[in-house]
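Student: Sequence first, then the predicted structure, then my questions.
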Amino acid sequence: MTERRYVPSEVETKWQQNWEASNAHDTTTDSSKPYYYCMEQFPYPSGRLHMGHVRVYSIGDVVARFKKMSGYNVLHLMGWDAFGMPAENFAIQHGVHPNVSTFDNIAFMRNQQKQLGLSYDWSRELATCSPDYYKWTQWIFQLFYERGLAYKKKAAVNWCPECSTVLANEQVIDGACWRCDSEVVKKDLEQWFFKITEYADRLLTDLDQLQGGWPENVITMQRNWIGKSTGAEITFSIAGQAEQLTVFTTRPDTVYGVSYIVLAPENALVQQLIAGYEHQADVQAFIDKVRKASEIERTSTDAEKVGIFTGAYAVHPLTGEKLPIWIANYVLPDYGTGCVMGVPAHDQRDFEFATKYELPIIPVIEPEEGLESNQTSAVTGEGKLINSAEFNGLSNAEALTQIVEALEQKGIGKTTTSFRLRDWLISRQRYWGAPIPMINCPSCGTVPVPKEQLPVLLPEHVDFGVKGKSPLETNDEFVQTTCPSCGGAARRETDTMDTFIDSSWYYLRYTGEGDGTLPFDTEAANNWMPVDKYVGGIEHAILHLLYSRFFTKVLHDAGLVNFVEPFESLLTQGMVVLNGAKMSKSKGNVVSPEDIVSKYGADTARVFILFAAPPDRDLEWSDQGVEGANRFLNRVWRMVDNHIPILRKKNLTADASGEAAKKLRMATHATIKKVTEDIGTRYNFNTAISAIMELVNAIYTYPDAADAGTKAEAIRTAVILLHPAAPHVTSELWEMMGETSKLYALEWPSYDESALVLDEIEYVVQINGKVRERLVFPKDATKEEIETQAVASDKVQALLEGKSIKKVIVVPGKLVNLVVG
RNA sequence: GCGGGUGUGGUGGAAUGGCAGACACAACAGACUUAAAAUCUGUCGGGUUUCCCGUGCCGGUUCGAGUCCGGCCACCCGCACCA
């Protein structure tokens, strides 16, 4: 037998071709097997894979392959989040149409994915930019419209000058564009919105269902983003005017402490209040200045609070007192009612404002430790009411309820909730997206494109580079149309949809295309969904995951699906970093997957990535670590290659009666148990691989004279357990062993519980919790026997001299602890 | 400020409340080799080494704490004038 060398490129090409030819990864729908939906976030076709991609796919592939071997029908596939601005910017710079560059990129990246040996069912691949996909994105848009969830409004929206398009709230990070990081400005535009706020409460409460399946921090981030707070709306009348104003407060218990009212400068009421006021021009100048300030300046906590008196007064609904009405930069126009009651004594922001502008500070809650005579900050804690007429003496919790009741009776207040979540702005003034399937008719208004006319195709020829104008506007043929309702001349909507819409439903399309009357096969979707394991980056903690949850709920309400949450379990994988920093071209610290795969092979890349860190943590790239992973695969290779004769011997039976054989058999079965749990329930692939390494080490040190059958069993098991992580090399080794079965279709091994039990167990003997001796006891030794012998041992006796035993703890199978005084 | 997370050898990281540092990387030594690489075998937290100390710091619970509880510190992430 001549020694064979491990050449990854040969092995990997061979098995990739083999799997493709035998349709190894086709989705099965065997009714006798349970369903398992394993999904990785689909990529934007940027051109080539980066290590972050390799990591997500490696994780997903281990899970998918493991589940297939464990007897599941597994849905595991790949698609392309293919609309988006980079392709369009590339077109502007290089004159290559997105239709061309996108599909080139897809072809290249698909090839890279195939080289990684990922077990996708390629027959179900999709791209969101293909008309037969975005037709249904448009269909869903219209469904939202019909259900009153898509609407157009003029609003001050986030505008990214660099991308020359608007952005949703979620897409503004610290006042900057999520994509290009340039500063976002406010612009008044008429735009399409999705009414996600109508689902705010359900998006919040259903998070409870995800507890356990989703990482706690993602749930918390969503909870904060939705930002529900309970409080009351209180109506104030305005002195000398018929108009009223309503404030939202979470602290109606402090209503007697109100000393002024303050509005957001944008509040519609402001113009009316200042009309005819002698300083009207000054107020107007103030408003213009605040509105010009950037989002960052405006919303930063340490920005100075500035305001101006409007000249108008409100009337306190309970005391009848006159309260000056101010406007200030610290009041947000689009939260609550855009109007706040100022309670300086009990709200820090109001306190700062009142101190600055010398407004009265009226304490109405006295904490247990009493009030300072000269308040230096707001008192926000619990206490008893003072200065509050008939509510004096009540605890503020009691007062809260009673005051709201009193206001309610007078018809000037009610309990209400407020959310921080805003409606989702979905229009984009860009070309490479799904056109919004609507028509603007001068006489009929906004009219949906009839369903049978979908998709509204993206026109091939447009002028990309006109700043501030949607490229679709530059194609007359596209814009000019007739109104479906009256037949008159009309204009098409020229904005496209936010690409997050495309990715909000792709997981449903994956399950099946259906008969062409609906966006997806609803029966298949109900079978496969919700996704059992969704692997992706934490950067989508809010954006994509919140939008997808919203879509699922709307589709549920429309009767298309029978579940309300799309992703039962979420695995957020950490970044791949080099020297502690995220790999990026600008930092010049990028390690390219192509180089690693061509030098060491995909199996090595996969094993290294899985082994180097638990999946949810950042992974520090290490060239030496990669070498180590490659060394390990070579070690496995040699282990098999050196034992071909015993591995091929068909009638070789295992006899684990000898001591060494018994130990190895135990190691084999303990490894099966550990790897099964690590992959299947803990998703800790690093410890799964280290367990296999231990088994391999045990096989290497197994004495030549010991039972060969037991060794063959151990080797075979190690190869099978390693298969999900390193599918190519293990398939080759399987074949080298003379096996004709398909390793990927093999049943996952089960372990023999009885093999895990040792006849003799080493106990640790502790004195006062410190290890002092080790003793071996038969597995069925009683507590009494263990205690007696432990105490009787020479070492223990020596240490016990002059002391007495106060207590003995025996943990069966583990240790004895003698408490000595 | 609020919410969440993380702190363990030179490094990545292991440890259902039960032997801290599995597995690997790096380093060192030996075997093989004319030599190197590869491979195999071994050493590898610290110290004043029969023993003692050691999981960010200080306390607590427990026979026993990296793990649970309380209070700090540092770093990371998210939100951040949300009334």
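Tutor: Thanks, I have it.
Student: Contacts only, for the nearest residue to A:Ser622 once chain neighbours are set aside.
Tutor: Closest residue to A:Ser622 in three dimensions, ignoring its sequence neighbours and counting by C-beta to C-beta, 6 or more residues apart in numbering: A:Ala612, at 6.9 Å. Placement of C-beta: from N, CA and C, glycine included. Residues in contact with A:Ala612, defined by C-beta atoms under 8 Å, 6 or more residues apart in numbering, are A:Leu619, A:Glu620, A:Ser622, A:Gly625, A:Asn686.
Student: From the residues you listed, keep the buried residues only.
Tutor: Of all those considered here, the ones buried according to neighbour count by 16 or more other C-beta atoms under 10 Å are A:Leu619, A:Gly625, A:Asn686.
Student: tell me the pLDDT at the closest residue in space to the first one that isn't next to it in sequence?
Tutor: If you skip the residues right next to it in sequence, A:Leu619 has A:Ala613 as its closest partner in space, 4.4 Å away by C-beta to C-beta, 6+ apart. Note for A:Ala613: predicted pLDDT of 92.
Student: Same question for A:Glu773.
Tutor: Note on A:Glu773: pLDDT of 84.
Student: What number of residues are in the vicinity of it?
Tutor: 18 (other C-beta atoms under 10 Å).
Student: can you give me the strands in the stretch 551-700 of chain A?
Tutor: A:570-573, A:576-578, A:581-582, A:619-620 (DSSP state E, counting those that start in this stretch).
Student: Tabulate those strands in a markdown table, adding columns for distance to RNA strand B and mean pLDDT.
Tutor: Formatted as a markdown table, the entries for these read as follows, by distance: least, C-beta to the nearest atom of the strand, whole Å; pLDDT from 0 to 100:
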| stretch | distance to RNA strand B | mean pLDDT |
| --- | --- | --- |
| strand A:570-573 | 10 | 92 |
| strand A:576-578 | 9 | 88 |
| strand A:581-582 | 9 | 80 |
| strand A:619-620 | 5 | 90 |
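Student: now those strands as TSV including distance to A:Asn18?
Tutor: Listed next are those as TSV, based on distance: least, C-beta to C-beta, whole Å:
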stretch	distance to A:Asn18
strand A:570-573	29
strand A:576-578	30
strand A:581-582	37
strand A:619-620	30
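Student: Comparing the ones you listed, which comes out most buried?
Tutor: Each of these was scored by mean neighbour count; the highest is strand A:570-573, a mean of 21, by mean count of other C-beta atoms under 10 Å.
Student: and that one, how far out from the chain's middle?
Tutor: The gap between where strand A:570-573 is centred and where its chain is centred comes out at 7 Å by C-alpha atoms, centre = their mean, to the nearest Å.
Student: Against which helices or strands is it packed?
Tutor: Packing contacts for strand A:570-573, counted by 3 or more C-beta pairs under 8 Å, 6 or more residues apart in numbering; DSSP states H and E, involve helix A:51-69, strand A:533-537.
Student: how about the residues of the stretch 501-650 of chain A that lie near RNA strand B?
Tutor: Where the stretch 501-650 of chain A comes near RNA strand B, counting by C-beta under 7 Å from any atom of the strand, the residues are A:538, A:541-542, A:611-614, A:617-620, A:622, A:624-625, A:627-628, A:631-632, A:634-635, A:638.
Student: from the residues you listed, which would you call buried?
Tutor: Neighbour-count burial (16+ other C-beta under 10 Å) is assigned, among those, to A:Ile538, A:Ala541, A:Ile542, A:Phe611, A:Ala612, A:Ala613, A:Leu619, A:Gly625, A:Gly628, A:Phe632, A:Asn634.
Student: give me phi/psi at the residue nearest in space to the middle of chain A?
Tutor: Nearest to the geometric centre of chain A sits A:Ala541, at 3.4 Å (C-alpha atoms, centre = their mean). Here is the backbone geometry of A:Ala541 (degrees, to the nearest 10): phi -50, psi -40.
Student: That one is in contact with A:Thr220, isn't it?
Tutor: No: using C-beta atoms under 8 Å, A:Ala541 and A:Thr220 do not qualify as a contacting pair, with a distance of 9.3 Å.
Student: returning to what we had before: give me whichever of the helices and strands packed on strand A:570-573 is most buried.
Tutor: The highest average neighbour count among the helices and strands packed on strand A:570-573, using mean count of other C-beta under 10 Å, belongs to helix A:51-69 at a mean of 24.
Student: What's the first helix or strand after that one?
Tutor: Proceeding N to C from helix A:51-69, the next assigned helix or strand is strand A:73-75, under DSSP states H and E.
Student: avg pLDDT for that following strand?
Tutor: Mean predicted confidence for strand A:73-75 is 98.
Student: Run through who's touching that strand.
Tutor: Strand A:73-75 is touched from outside by A:27-30, A:33-39, A:64, A:67-68, A:121, A:510-511, A:528, with contacts defined as C-beta under 8 Å, 6+ apart.
Student: 6 Å instead?
Tutor: Contacts to strand A:73-75, defined as C-beta atoms under 6 Å, 6 or more residues apart in numbering, come from residues A:Thr27, A:Thr28, A:Thr29, A:Asp30, A:Lys33, A:Tyr35, A:Tyr36, A:Tyr37, A:Ala64, A:Lys67, A:Lys68, A:Trp528.
Student: Please apply the same query to stretch A:380-398.
Tutor: Under the contact criterion C-beta under 6 Å, 6+ apart, stretch A:380-398 has outside partners A:Asp253, A:Tyr256, A:Val364, A:Ile365, A:Glu366, A:Pro367, A:Ala399.
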